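Engineer: Need a 3D model of the following:
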Amino acid sequence: MSSSSHAYVPLKKEIKTMGDVAKWQKSQAFKEYLAFVETLSASVLGKKITDDIQQTENCSKLVEILDVLSNWIDAIPPVDQPQRFGNKAYRTWFDKLTTVSVW
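Structural biologist: Next up, the predicted model:
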């Protein structure tokens, strides 16, 4: 899929019930996501974390993004609250993500 033919839309929660999970698991998007994860897994088989590998520019950029997101996790700790519907700190983290996002 080319980026010129794709329109980004704001994220919204779509999986709310077990029926939604089943629908997601039958979708083309799920198949593509699973294939992506399986490809990533296969690409590191037999490699050690300590192996000396050459990191591409795109990979370096991704690692930088993950470092920023990880730092936000440290800066926005979980709220001490009942956990029935998830932690409210996630909303703060997600709001920060959408504020600085280039999408």
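Engineer: Check what pLDDT residue 93 gets.
Structural biologist: Model confidence at residue 93, given as pLDDT, is 88.
Engineer: Report all helices and strands that the strand or helix carrying it contacts.
Structural biologist: Using DSSP states H and E, residue 93 falls within helix 89-100. Packed against helix 89-100 by the contact rule (3 or more C-beta pairs under 8 Å, 6 or more residues apart in numbering; DSSP states H and E) you find helix 57-75. C-beta here means a position set from N, CA and C on the backbone, and glycine is covered the same way.
Engineer: just how off-centre is the helix it packs on within its chain?
Structural biologist: Distance of helix 57-75 from the chain centroid (C-alpha atoms, centre = their mean, to the nearest Å) equals 12 Å.
Engineer: how about the residue of the chain most remote from its centre, secondary structure?
Structural biologist: In the chain, the greatest distance from the average C-alpha position (C-alpha atoms, centre = their mean) is reached by residue 52, at 26.0 Å. At residue 52 the chain is in coil, as set by DSSP: H, G, I helix; E, B strand; the rest coil.
Engineer: ok, now how distant is it from residue 28?
Structural biologist: From residue 52 across to residue 28, the span is 38 Å (C-beta to C-beta, to the nearest Å).
Engineer: and residue 76, what does it touch?
Structural biologist: 89, 92-93, 96 (C-beta atoms under 8 Å, 6 or more residues apart in numbering).
Engineer: Please repeat the previous calculation with a cut-off of 7 Å.
Structural biologist: Going by C-beta atoms under 7 Å, 6 or more residues apart in numbering, residue 76 touches 89, 92-93.
Engineer: Make JSON lines out of the residues you listed and add neighbour count and distance to residue 9.
Structural biologist: Formatted as JSON lines, the contacts of residue 76 follow (neighbours: other C-beta atoms under 10 Å; distance: C-beta to C-beta, whole Å):
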{"residue": "89", "neighbour count": "15", "distance to residue 9": "25"}
{"residue": "92", "neighbour count": "15", "distance to residue 9": "22"}
{"residue": "93", "neighbour count": "15", "distance to residue 9": "20"}
